[in-house]
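*Asks:* Need a 3D model of the sequence below.
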Amino acid sequence: MTPDGGSGVLALPAGLIGGLAIAGFVVAILAAAVTPVLSRLDRLEAWRGPLKLVPYALLLVGAILAGAAAVLGSVSAERSGVREVASGALAILCLTPLIGASAVRLRYGAPGKRTFQQQIAANRGSSVLLVAVLFELMAVTGFLIGAAVGVAFGSALVAGLAVAAISILVTLGATGFAMASGDGMVLDITAAKEAGPQEEQLRNVVAELAIAAGIPAPRIYLIQSPAANALSVGRNPSNASIAITRGLLEKLDREELQGVIAHELAHIANLDSRHAVLVALLVGAIVLLTDVFLHLIIEVAKNPWTGDDAQSTFGALGAWLIVVVVGLIVGGLLRLLAPVAALAVQAAVSRDREYLADATAVGITRNTAGLIGALEKLERTRAEMKGANRGTQHLWIVNPVKEGKEGGRGWFDTHPATSDRIERLRALTGQDTERADARPT
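*Replies:* The predicted structure follows:
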């Protein structure tokens, strides 16, 4: 009740709502921070299963705290403001991976008990989920930046919503432009040249596997590099290309080449290239937003506000100091945390897509030996490629740039460890064999 006894709003202890909101953000950040730590605790093999649930438990706690702040703030004020909208957005951001992961598991079962088709469908759902999280992260980042700028103009809520909407619209426009011309840019960067008629075996393999995959045969390019690698680009199966290095053709036999080509065709069929462009642009947009905001605050800090007289100058300087201090804190945190979280999501999306392409490739060839043999050779002969960079590393079948010491198990590694990919392929094959043996004859 309000102090005058009217039917106004709910009275709450001072600082309760803000404390809940801050606690929600802290717990959400903690959930993101413990994920890479837990992924590296190989010594605790017996605890690995339960430990994987810790980030989800923290996200649930963060969602509850943020949701409580949003609800209590709404019922204790005449209208919702920045605090309530930000808390509600955080609650949704925390709940998205929880709901999505639960839905995938309920529909397709545990990861170790899925058929090829279930694994493909589950990975596709997980990838869509991760892109949704990245969109939400960008929207929350844009809202917080807009709200911080809007404080100086007395319209923080409107400014926050406006910047969030504008950032998403601009990114969608940039996505459309990149999809129309991104293929040629990637091929130019890698110095790929269209394969000539003398590459008859390569052309035959691509043609026969494209028929098996049910998609048009893509254009074929060769990269004159001794490193063994391959990539695919294209916004859809009708406008796609595969690029193969000379080193890969020299190192693999026909069966292994089929496994690699099927993997790249799987990327095309699953629209992974379109997906990769979208994720890359979203990550770039988040980094750009945080950079622009921090530079804006620095410019404000260089130009103190003044008034017409001593009293107004004192008030203006006080307001300027508050805006600068709060802006630097918010901007610094966003500059540090938002890009890190976005890059983590980008890496997770890329790793998820590699598992999906591996499973789809085996579905195309009906043979795991070729892809497993190819991955083993690619891992043994791995070499960095000239012209490859971290902006395009997620497009290749194996990482063409130097990996961190985690070897595919780090938080920001775009490719899963090759041994993990092989292990999954063998597990899927063994599972299918068991089910075939179990069928009545």
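*Asks:* Now do the helices in the stretch 201-350 of the chain.
*Replies:* 246-251, 254-269, 272-302, 310-365 (DSSP state H, counting those that start in this stretch).
*Asks:* what number of residues lie near residue 217?
*Replies:* Residues within reach of residue 217, counting by other Cβ atoms under 10 Å, total 17. (C-beta placed from N, C-alpha, C; glycine too.)
*Asks:* For residue 222, which non-adjacent residue is closest in space?
*Replies:* residue 195 (4.9 Å; Cβ to Cβ, 6 or more residues apart in numbering).
*Asks:* Hmm, that neighbour is touching residue 223, no?
*Replies:* No - the criterion here is Cβ atoms under 8 Å, and residue 195 misses it with residue 223 at 10.2 Å.
*Asks:* Pull up the overlap in contacts between these two.
*Replies:* Common neighbours of residue 195 and residue 223 (criterion: Cβ atoms under 8 Å, 6 or more residues apart in numbering): residue 244.
*Asks:* Of these two, which one has the most company?
*Replies:* Set residue 195 next to residue 223 and count neighbours by other Cβ under 10 Å: residue 223 wins out with 23 against 19.
*Asks:* bridging residues for the more buried one?
*Replies:* Judged by DSSP bridges, the bridge partners of residue 223 are residue 245.
*Asks:* low-confidence ranges in the stretch 51-200 of the chain?
*Replies:* 111-112, 116, 119-120, 123, 152, 182 (pLDDT under 70).
*Asks:* those helices in it, which residues are they?
*Replies:* Assigned by DSSP H, counting those that start in this stretch, the helices in the stretch 51-200 of the chain fall at 54-75, 82-108, 116-150, 156-189, 200-213.
*Asks:* returning to what we had before: give me the phi and psi for the residue nearest to residue 222.
*Replies:* phi -70, psi 140 (degrees, to the nearest 10).
*Asks:* how much space between it and residue 360?
*Replies:* 23 Å (Cβ to Cβ, to the nearest Å).
*Asks:* quick one: which of the helices of the stretch 51-200 of the chain is nearest residue 229?
*Replies:* Of all the helices of the stretch 51-200 of the chain, helix 156-189 sits nearest to residue 229, with 13.3 Å by Cβ to Cβ.
*Asks:* tell me which strands and helices the closest one is in contact with?
*Replies:* Packed against helix 156-189 by the contact rule (3 or more Cβ pairs under 8 Å, 6 or more residues apart in numbering; DSSP states H and E) you find helix 82-108, helix 116-150, strand 230-236, strand 239-245, helix 272-302.
*Asks:* In the first one, which residues are buried?
*Replies:* Neighbour counts using 16 or more other Cβ atoms under 10 Å place 82-97, 100, 104, 108 of helix 82-108 among the buried residues.
*Asks:* Now render the helices and strands packed on helix 156-189 as JSON lines, adding distance to residue 201.
*Replies:* JSON lines is the format used below for the helices and strands packed on helix 156-189 (distance: least, Cβ to Cβ, whole Å):
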{"stretch": "helix 82-108", "distance to residue 201": "37"}
{"stretch": "helix 116-150", "distance to residue 201": "27"}
{"stretch": "strand 230-236", "distance to residue 201": "15"}
{"stretch": "strand 239-245", "distance to residue 201": "11"}
{"stretch": "helix 272-302", "distance to residue 201": "25"}
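*Asks:* Of the ones you listed, which is nearest residue 24?
*Replies:* Nearest of the helices and strands packed on helix 156-189 (Cβ to Cβ): helix 82-108, 5.6 Å.
*Asks:* Please state the offset of that closest one from the chain centre?
*Replies:* 15 Å (Cα atoms, centre = their mean, to the nearest Å).
*Asks:* Over to stretch 17-36?
*Replies:* That offset, for stretch 17-36, works out to 19 Å (Cα atoms, centre = their mean).
*Asks:* List of residues touching it?
*Replies:* 54-56, 58-59, 61-69, 72-73, 76, 83, 86-87, 90-91, 93-94, 337, 340-341, 344, 410-411.
*Asks:* repeat for stretch 360-370
*Replies:* 116-117, 120, 209, 212-213, 255-259, 262-263, 265-266, 269-270, 371, 425-426, 428-429.
*Asks:* Quick check: buried residues in that stretch?
*Replies:* Buried residues in stretch 360-370, counting neighbours by 16+ other Cβ under 10 Å, are found at 360, 361, 362, 363, 364, 365, 367, 368, 370.
*Asks:* how much space between residue 30 and residue 65?
*Replies:* Residue 30 is 12 Å from residue 65, by Cβ to Cβ.
*Asks:* Which residue of those two possesses the greater neighbour count?
*Replies:* residue 65 (24 against 16).
*Asks:* Leaving out chain neighbours, which residue sits closest to the more buried one?
*Replies:* residue 24 (3.7 Å).
*Asks:* List the contacts of the residue nearest to residue 222.
*Replies:* 202, 203, 220, 221, 222, 244.
*Asks:* Is it possible to get CSV of these that adds distance to residue 353 and pLDDT?
*Replies:* Formatted as CSV, the contacts of residue 195 follow (distance: Cβ to Cβ, whole Å; pLDDT from 0 to 100):
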residue, distance to residue 353, pLDDT
202, 24, 90
203, 26, 91
220, 22, 93
221, 21, 93
222, 24, 92
244, 19, 91
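*Asks:* so which of these comes closest to residue 173?
*Replies:* Nearest to residue 173 among the contacts of residue 195, with distances taken as Cβ to Cβ, is residue 221, at 28.9 Å.
*Asks:* follow-up on the earlier one: which one, of the helices of the stretch 51-200 of the chain, ends up nearest to residue 394?
*Replies:* Between residue 394 and the helices of the stretch 51-200 of the chain, the tightest spacing by Cβ to Cβ is seen for helix 156-189, at 11.2 Å.
*Asks:* Can you point out the buried residues in the closest one?
*Replies:* Quick answer for helix 156-189 (16+ other Cβ under 10 Å): 156-157, 159-164, 167-168, 171, 175, 178-179, 182-183, 186-187.
*Asks:* Can you get me the centre-to-centre distance for that helix and its chain?
*Replies:* Using Cα atoms, centre = their mean, the offset of helix 156-189 from its chain centre is 15 Å.
*Asks:* Same question for stretch 224-240.
*Replies:* The answer for stretch 224-240 is 21 Å, by Cα atoms, centre = their mean.
*Asks:* now swap in stretch 248-262 and tell me
*Replies:* Centroid separation for stretch 248-262 versus its chain: 29 Å, with Cα atoms, centre = their mean.
*Asks:* and the end-to-end length of it?
*Replies:* 14 Å (Cα to Cα, to the nearest Å).
*Asks:* Residues contacting that stretch, please?
*Replies:* Residues contacting stretch 248-262 (Cβ under 8 Å, 6+ apart): 199, 201-202, 205-206, 209, 212-213, 222, 228-230, 242, 244, 360-362, 364-365, 367, 369-375, 377-378, 381, 397.
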